[in-house]
Every structure is written in C-alpha cells, then in structure tokens.
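K.L.:
any chance you can model this:
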Amino acid sequence: MDEDWWLEQLQQLKMNEKRLDVLTNMYTTINKQGALPRQILEKLLREPLIYECALIENAAKEPLVNLTIDFIGSCLEQLQLDMSDEKLPKLLQLTLNHSNPAVRALVLKQLQRQAGKPSQELLLYVLDELQQPETLSSTAAINILAKALVEPELKNASVQSKLLQLLKQNEVVRCRAYELGVKLAKSSAATLSAVEFILDAALSELDNDDVLLQASVMEILVPLAEQNHGLSYMERRRVFDIFSSRVQRLEEHPLDALLIPSIMKFFGKIAAVQPQKILTGYPHMLLQLFELLQSGDETVLPTAMDTLANLAGSNTGKILLHKQYETQMLQALSKFATYTKHLSPLLKVRLLNALDMIYARESSNSAEVELSNILKLWFESFAGGQQLDHIMELLHTPFPDLQLAALALMKTLCLYDWGILSLKNTGGAVEFLLSRQRDLHKDVKYVKWQILEQLCASDKFAPSEILRFTAYVNEGPYYVQADVSIATEPQ
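P.N.:
Below is the predicted model of the structure:
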C-alpha cells in the first residue's frame, strides 16, 4: 500500500465507531506487506490518534487497546531504531510518555536490544520511566540506563536533577534509584563516586522503621561488594559494623530480630564473593548463624541454610570455616541429618541444595587434599559414618523434586573417593542406581545415569560391577527393556 492509503486510514481513526475495523485492517496490512518505507513508519509512530486508541478507559475498549499495542509493536520492529538519529527522541516521545505501561514497554524493550548509546534526551525519557507507578518496564529501564549512563552523563545537570527527583519519591521508586545506583557503581571507582549520593541515600534507609524496606535495600546493596571499590565504600560507611552491632544488641532492640534473616542473607551473599572479609571479621554474625541453624525454626531455616552454603561455597570459605568454627560446623551438619527426617518436602529440597553447595569444590590444584579431608569430616558428621542412608531414605519418597535434589547431592559426593566408598557401603544404593524403574521422573533417570557414568571411571568397584555400570551407561538413561512373552499352542 502507498502512503496515501495509510494517510486515509489515519483519517478514518477520527471516527470512534470505526477504529477497531480500521486498526484491524492496518495491522493485517503491515504484517502482510513486510517492511514499510521508513517515512510511513515514522508518520504512524507520530500519529496521536493511534496512541489515543491505546488509552485504557473501560473493559469494552480492551480489544481495541490490545490491537493497538500489537500494531505499535509491529511498527517499532520494522523501524530498526537508529540510536545516532537526532530525531529519535521526538519520534518515540508519544510512546515513552504514554499512560498505558504496555505501550511504554514496547519501546523500552526495543531500546534494550540496541547496541548503540541513546542520546541524552532519550535517556531523560527513560529516567522518567522509573517514576511510573507500574513495575512492568522498570527493570528494562534500569538495564538501559546502567549501560548508557557513564561518568560524563552522570555529571550533567538534567540527569542529576532527575536522579535527585527519584530519591524524593515513594519507597518503590527510591528502591529503583538505589538499584540503578548500585549497577552503575559496580562499573568503576569513578562512577561510584559520581553516584555516591544515591548510595548514601540507600544506606540512610537502614535507619527506617520499615523492616521490609530495610530488607529490600540490603538485597539491593549486595552486588556492590562484588567489586573491591564497592567493598571499600561499604567499609568506609561501616555497613558491616552497623549490621553486626544490631545482631549483638538484640536484647536492647528486640524488633531488630525481624531483620536477622535479611542481615544473614546479606552477609552470606557477600561471603560468597568475599569469604575472608566476613569469616574473619564478624564472629558474632557466624555464631548467630549457627544458633539459627540449631533452632529448628522453619521461618528462618531456609535463609540460614542458604547463608551457610554461601559461606562454604568457595574453597577459601571451607578452609576458614573448618579452622575457625570446626565445632559449630560439625554440630550444624549433624543437626541437618535430623532435618532430613522432620522438615517439609520443600525445606528438605532447600537443605539438600545447600549441602550440594557445601560439598562441591572449585577446581583448584592447591589444597586439594586438605579440602577433601575437610569435606570428608563434614560428610561423616552429617551421615553419621561412611554411608548414604539419609540420602537413600529421601530417594524412596514419592516426590520427584526431592529425589532429584538427593541424587544431585549423591553425584557431588561421588566426586571424591570417600564419597564413592560411602555409596558402595550403603545397602541398596548401587541396586537403586542400576534399576530401570519406569515410574521415575525423566530428570531423575538422567541424574542416575550421570552418577553411573562417574562410577565407570572409579577403581573402587570390582571389574564385574564396572561392566554392569558400563552396560547401563551405554544403553542410555531412558532405556526400557522389552517385555518378551512366549505363547504356546495346546496339543
């Protein structure tokens, strides 16, 4: 269709009763015709009548709104945004400022895909998205800004004004600003300095009476510690000391107990990237964590188990935990054995996932023997010896998720000679792995096959057993033995 046809259709949009039919016709045409000339697409994207059709007014208008959104999406996909085009902000202005979040989401999604850098005017429109009440596109907007806002732009008066404006809004908008600030600060020490006012505002929230807000801010701040300059900033602001003192002064401020799971999560996630900092510097946090692990309180156990897994996730973390908290660590793992019998299935899966992280190790030639000995000691504390009885009990439950988590832990344990020997010493373990039970979930069958593949390379079994393992592996994880029945005719 030529330009005149499209202009005629746009004229007909002035009649409300015809809008659905006209847009249906336009949508069908644009998808049939393929790529329209750029001047037509630009004309369509600048037409206020089209955006009027996307306004949410009542339920009766929903088909028209949905069709309009699809049509605008087709226009944007065909347009091929040119980030260097000076006219682009004006072209997208109606889309980015629309009251319908689904319309704004279309263009933000397209901008997120672009490799080029948006102009400053376009960045200001994207910054406005963070003030919107809807959350549909806030993540896309943050990602665009985190990639495009580099140090020179951050010093621009208009950008600074928009960022300061975000910090004066409600807690949802403020948290978006904090998330953006952390993402930007991670990139370099210079950028951190440019957004320090945002980070300082985030830290000031930790004196807020709103426990949920404080927990959200803690979660947002965690990635900052992944970089040394971010960790240095947090140390200068005494963030770790503030949280640690809260744990120590629970008797004076009982309400802070509500924050303990969030504080533990915060320290645990930072320990995953900076284990030495946490394990050597904050003994009160560790002792509080081990208390939570012994408590049996199912409201805090998931966070406590995840935190321990983060602390022990790295080789450095394992060695430091063994050297400085050996007794507490062994007691915690022994307690985990009782939890495998009493917790709900979902929490048992969480427990097994935590144990999987604890017994896994980073590939490293240094301290390999020491690590293996530490993990063997930890395993025997959990298992009560050299066998996998606790895991086998969980494998005989009717829950595929629980079976899968138990097998994943067994697979990790079989990375070590002592783990393979423990499997060999467990009555029924090898038979279970070699069984071809048809009612098992396919993922469970696959992990069983992976474990047997590991065992094929072990020297802990007799050659006859290795042959059985090899035959199973060669048949594949989903092999089903054919049922053969022989019929005989009567004489």
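K.L.:
quick one, domains of this structure?
P.N.:
Here the domain parsing of the chain from automatic domain parsing is 149-237, 239-309.
K.L.:
now the weakest link among the ones you listed, please, by mean pLDDT.
P.N.:
Sorting these by mean pLDDT places domain 239-309 lowest, at a mean of 87.
K.L.:
who does the helix or strand where Lys32 lies touch, helix- and strand-wise?
P.N.:
Element membership of Lys32, judged by DSSP states H and E, is helix 19-33. With contacts taken as 3 or more C-beta pairs under 8 Å, 6 or more residues apart in numbering; DSSP states H and E, helix 19-33 sits against helix 3-12, helix 48-53, helix 62-79. All C-beta atoms are positioned from the backbone trio N, CA, C, and that covers glycine.
K.L.:
now those as JSON lines including mean neighbour count, distance to Asp401 and mean pLDDT?
P.N.:
As requested, the helices and strands packed on helix 19-33 are exported to JSON lines (neighbours: other C-beta atoms under 10 Å; distance: least, C-beta to C-beta, whole Å; pLDDT from 0 to 100):
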{"stretch": "helix 3-12", "mean neighbour count": "14", "distance to Asp401": "53", "mean pLDDT": "93"}
{"stretch": "helix 48-53", "mean neighbour count": "16", "distance to Asp401": "46", "mean pLDDT": "95"}
{"stretch": "helix 62-79", "mean neighbour count": "18", "distance to Asp401": "37", "mean pLDDT": "94"}
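K.L.:
dump those to a markdown table, plus distance to Arg249.
P.N.:
Shown next, in a markdown table, are the helices and strands packed on helix 19-33 (distance: least, C-beta to C-beta, whole Å):
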| stretch | distance to Arg249 |
| --- | --- |
| helix 3-12 | 67 |
| helix 48-53 | 56 |
| helix 62-79 | 53 |
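K.L.:
so which of those helices comes closest to Ala309?
P.N.:
With C-beta to C-beta as the criterion, Ala309 lies closest to helix 62-79 of the helices and strands packed on helix 19-33, at 42.1 Å.
K.L.:
tilt between the helix or strand following the closest one and helix 62-79?
P.N.:
Going down the chain from helix 62-79, the next helix or strand is helix 88-96, by DSSP H and E. Interaxial angle of helix 88-96 relative to helix 62-79 (axes from the mean of the first three to the mean of the last three C-alpha atoms, to 10 degrees): 160 degrees.
K.L.:
Pro101: what's its closest spatial neighbour, skipping adjacent residues?
P.N.:
Nearest non-adjacent residue to Pro101, counting by C-beta to C-beta, 6 or more residues apart in numbering: Glu134, 4.0 Å away.
K.L.:
now the helices for the stretch 351-491 of the chain?
P.N.:
In the stretch 351-491 of the chain, the helices defined using DSSP state H, counting those that start in this stretch lie at 368-383, 389-395, 400-413, 417-424, 429-434, 442-456, 463-475.
K.L.:
follow-up on the earlier one: next, count neighbours for the residue nearest to Pro101.
P.N.:
13 (other C-beta atoms under 10 Å).
K.L.:
next, it: phi, psi?
P.N.:
phi -80, psi 150 (degrees, to the nearest 10).
K.L.:
per-residue confidence for it?
P.N.:
pLDDT at Glu134 comes out at 89.
K.L.:
quickly note the distance from it to Ile420.
P.N.:
54 Å (C-beta to C-beta, to the nearest Å).
K.L.:
repeat that for Ala332.
P.N.:
25 Å.
K.L.:
can you check Glu153 too?
P.N.:
Taken as C-beta to C-beta, the span from Glu153 to Ile420 is 57 Å.
K.L.:
please say which of those two ends up with more neighbours.
P.N.:
A direct count of neighbours by other C-beta under 10 Å for Glu153 and Ile420 places Ile420 higher, at 20 against 17.
K.L.:
list the buried residues in the helix holding Lys32.
P.N.:
Using 16 or more other C-beta atoms under 10 Å as the test for burial, helix 19-33 gives Arg19, Val22, Leu23, Met26, Tyr27, Ile30.
K.L.:
can you give me the helices for the stretch 101-250 of the chain?
P.N.:
Taking DSSP H, counting those that start in this stretch as the test, the helices found in the stretch 101-250 of the chain are 101-113, 120-129, 138-148, 151-154, 157-166, 171-187, 189-194, 196-204, 211-221, 228-236, 239-248.
K.L.:
residues in contact with the nearest residue to Pro223 once chain neighbours are set aside?
P.N.:
The shortest distance from Pro223 to any non-neighbouring residue, by C-beta to C-beta, 6+ apart, is to Val182 (5.7 Å). Each residue near Val182 by C-beta atoms under 8 Å, 6 or more residues apart in numbering is listed here: Leu199, Ala202, Ile220, Leu221, Pro223, Leu224.
K.L.:
how about 7 Å then?
P.N.:
With contact taken as C-beta atoms under 7 Å, 6 or more residues apart in numbering, Val182 is in contact with Ile220, Leu221, Pro223, Leu224.
K.L.:
next: Leu13.
P.N.:
Arg19, Val22, Leu49, Ile50, Cys53.
K.L.:
redo these as TSV? Include distance to Ala115.
P.N.:
TSV is the format used below for these (distance: C-beta to C-beta, whole Å):
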residue	distance to Ala115
Arg19	37
Val22	36
Leu49	33
Ile50	28
Cys53	32
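K.L.:
nearest to Gln160, of these?
P.N.:
Ile50 (34.6 Å).
K.L.:
residues contacting the closest residue to Leu149 other than its chain neighbours?
P.N.:
Leaving aside its sequence neighbours, Leu149 sits nearest to Leu184 (C-beta to C-beta, 6+ apart; 6.0 Å). Counting by C-beta under 7 Å, 6+ apart, Leu184 makes contact with Ala146, Leu149, Thr191, Val195.
K.L.:
tally of neighbours for Pro283?
P.N.:
The number of residues packed near Pro283 is 12, by other C-beta under 10 Å.
K.L.:
let me fix that, I meant to ask about Trp378.
P.N.:
Around Trp378 there are 24 other residues, counting by other C-beta under 10 Å.
K.L.:
correct me, but it touches Gln331?
P.N.:
No - the criterion here is C-beta atoms under 7 Å, and Trp378 misses it with Gln331 at 11.2 Å.
K.L.:
looking at the domains of the chain, which is nearest to Leu10?
P.N.:
domain 149-237 (33.5 Å).
K.L.:
gap between the two ends of the closest one?
P.N.:
25 Å (C-alpha to C-alpha, to the nearest Å).
K.L.:
circling back to that earlier point, most packed of the helices of the stretch 351-491 of the chain?
P.N.:
helix 400-413 (a mean of 21; mean count of other C-beta atoms under 10 Å).
K.L.:
would you turn the helices of the stretch 351-491 of the chain into JSON lines with distance to Leu76?
P.N.:
As requested, the helices of the stretch 351-491 of the chain are exported to JSON lines (distance: least, C-beta to C-beta, whole Å):
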{"stretch": "helix 368-383", "distance to Leu76": "53"}
{"stretch": "helix 389-395", "distance to Leu76": "51"}
{"stretch": "helix 400-413", "distance to Leu76": "41"}
{"stretch": "helix 417-424", "distance to Leu76": "54"}
{"stretch": "helix 429-434", "distance to Leu76": "53"}
{"stretch": "helix 442-456", "distance to Leu76": "39"}
{"stretch": "helix 463-475", "distance to Leu76": "51"}
